[in-house]
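[1] this one's structure only:
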C-alpha cells in the first residue's frame with residue numbers, strides 16, 4: 001500500500017546537450033533584469049563557460065555581475081559576500097554555474113538577499129524561520145548533489161566549525177539547465193564523488209522503516225541499477241555523453257524526493273558524513289563512501305529483509321540465506337566504491353586514521369553534543385554514532 005505523501009517540484013528542467021546556450025532565454029522567462037552569477041574555481045573561466053553565460057544574458061539585455069570562489073563544503077562567509085553584492089546591484093535572480101556547492105551557495109544568497117535584516121546562518125541554525133526568498137537559476141556542471149531540483153542546501157560555518165543542512169521549499173530553483181556536455185572535462189575524483197552522492201541520496205530514502213511503497217521502491221532500485229550500469233563509462237571518460245547524461249539525470253531524480261515518496265527519510269549516513277567533512281574538510285562524496293558500509297552493517301539487524309531485497313533487486317544476488325544476501329549486498333557496494341577509487345573507511349580518507357579522541361569528537365559533532373539522535377531506519381544515539389565511527393576507523 002502506498003503511504004501518504006505531499007509532492008511538489010516546481011523547478012523547470014531544461015535537459016540535453018547544448019541546452020546551456022539557452023540560459024539567457026531562461027533567465028528572461030523568469031523576469032530577470034539583473035543577475036548575480038556565482039561559480040566555483042577557475043574551471044568555469046578556463047573553459048569559457050562563464051563568458052558564454054554572461055554573453056547569453058547580455059543578448060537578452062540582462063545585466064550581470066559575477067562572484068567566484070565557491071569551495072567544496074561551501075562557506076557561509078562567501079554566501080554573506082554574495083548577499084552584499086546582490087543587494088548592491090539589486091539582483092532579481094541568482095544564477096549558479098557549477099555543482100552542488102555553488103547551487104547551495106546561491107540558495108543561501110537568495111535567502112539572505114530576500115531577508116537583509118537577518119544573517120543567513122540564522123536560517124540554517126533554525127533560530128529564525130525562513131518565510132521568503134528570491135529566484136535561483138542553475139547551469140549544472142557536476143552531476144552529484146541533486147541540488148538543482150532539491151529542497152535542501154548545506155553550508156559550512158568554518159569559524160564555528162559547523163556544517164548544517166536546511167530543507168525548505170524555498171530551496172527549489174526556478175529553473176535548472178542540465179547539459180551533460182558540461183561535465184566532459186571533470187576530474188575523475190569529482191565524477192566518482194558525484195556518483196557516490198547520487199547513490200547515497202537514494203539509499204537515504206530507500207532504507208527507511210516503511211517497506212511497502214512498491215512504486216517508490218521500484219523507482220529507487222531502477223535508478224541505482226542505472227547508475228551502477230553507466231558509472232564505469234562515465235568515470236573512465238567524462239566526455240562519454242551517453243553515460244554522463246544518464247548519471248546527470250539520475251542525480252536530479254535522486255534528490256528531488258521522487259525515490260522516497262511515502263517513506264521517512266533516514267539520512268544518517270549523510271549526517272555522519274557531514275561531521276567528517278566539517279572536521280577534516282574532505283570531499284562530501286568521500287565522507288559518505290567512507291562511512292556507509294559501517295553504518296549499514298550496524299543497522300542491518302533492524303531489518304535484514306530490506307538489505308536482502310536491495311541485494312536481489314539492485315545487484316542480482318539471489319543465492320544464500322536472507323542474512324547472507326544482505327551482507328553480500330553491502331559487500332557489493334563496497335566493491336563498487338573501490339572500483340571508482342573511493343574510500344570505504346576512515347583510514348582511507350586523506351585525513352588518515354584518527355585516535356580515540358578524534359572519533360569521540362566526531363560523535364559529539366554528529367549528535368550535536370549528545371542533544372539529538374539521527375536516522376529513521378534505526379534511530380541512532382550518541383553511543384550508536386560513536387560505535388559506527390569506531391568501526392569505520394578499524
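    Received the coordinates, thanks. All of these numbers come straight from a predicted model, not from anything done at the bench.
[2] buried residues of the worst-scoring helix or strand of the chain on mean pLDDT, list them for me.
    Within the chain, confidence by mean pLDDT, DSSP states H and E is lowest for helix 43-46 among all helices and strands, at a mean of 90. Buried residues in helix 43-46, counting neighbours by 16 or more other C-beta atoms under 10 Å, are found at 43-44. Bear in mind the C-beta positions are built from the backbone N, C-alpha and C, glycine included.
[3] for it, packing partners?
    helix 49-59 (3 or more C-beta pairs under 8 Å, 6 or more residues apart in numbering; DSSP states H and E).
[4] how about residue 291, what does it touch?
    Residue 291 is in contact with 269, 272-273, 276, 346, 388-389, 392, counting by C-beta atoms under 8 Å, 6 or more residues apart in numbering.
[5] cool, and residue 20?
    Applying C-beta under 8 Å, 6+ apart to residue 20 gives the contacts 49, 52-53, 139, 177, 179, 181-182.
[6] quick one: it from residue 183, how far?
    As judged by C-beta to C-beta, to the nearest Å, residue 20 and residue 183 stand 11 Å apart.
[7] and for residue 307?
    Look at residue 307 and residue 183: by C-beta to C-beta, they are 32 Å apart.
[8] next one: residue 48
    Per C-beta to C-beta, residue 48 is found 15 Å from residue 183.
[9] need the max-distance pair from the contacts of residue 20.
    Comparing every pair within the contacts of residue 20 by C-beta to C-beta identifies 53 and 181 as the most remote, at 14.2 Å.
[10] of these two, which one has the most company?
    Using other C-beta atoms under 10 Å, the more surrounded residue of residue 53 and residue 181 is residue 53, with 25 against 17.
[11] sorry, back to before: so which of residue 48 and residue 183 has more stuff around it?
    Taking other C-beta under 10 Å, residue 48 and residue 183 do not tie; residue 183 has more neighbours (26 against 10).
[12] wait, residue 380 touches residue 372, no?
    No. Look at residue 380 against residue 372 with C-beta atoms under 8 Å: they stay out of range, at 9.7 Å.
[13] how many neighbours does the closest residue to residue 3 other than its chain neighbours have?
    Nearest residue to residue 3, sequence neighbours excluded (C-beta to C-beta, 6 or more residues apart in numbering): residue 262, at 3.7 Å. A total of 18 residues lie near residue 262 under the criterion other C-beta under 10 Å.
[14] I'd say residue 80 and residue 112 touch.
    Yes. With contact defined as C-beta under 8 Å, residue 80 reaches residue 112; the gap is 6.9 Å.
[15] shared neighbours, these two?
    Shared contacts of residue 80 and residue 112 (C-beta under 8 Å, 6+ apart): 119-120.
[16] and these two? which has more neighbours close in?
    Set residue 80 next to residue 112 and count neighbours by other C-beta under 10 Å: residue 112 wins out with 26 against 16.
[17] surely the more buried one forms part of a helix?
    Yes. Counting by DSSP: H, G, I helix; E, B strand; the rest coil, residue 112 falls inside a helix.
[18] quick one: the helices in the stretch 51-200 of the chain, in order.
    Using DSSP state H, counting those that start in this stretch, the helices assigned to the stretch 51-200 of the chain run over residues 76-89, 100-114, 121-124, 188-206.
[19] among those helices, which is nearest residue 70?
    When these are compared by C-beta to C-beta, helix 100-114 sits nearest residue 70, at 4.7 Å.
[20] could you list the buried residues of the closest one?
    Under the neighbour-count criterion of 16+ other C-beta under 10 Å, helix 100-114 has 100-114 buried.
[21] of these, closest to residue 75?
    For the buried residues of helix 100-114, the nearest to residue 75 is residue 105 (8.1 Å; C-beta to C-beta).
[22] quick one, what contacts the closest one?
    Applying C-beta under 8 Å, 6+ apart to residue 105 gives the contacts 38, 70, 74, 78-79, 82, 96, 155.
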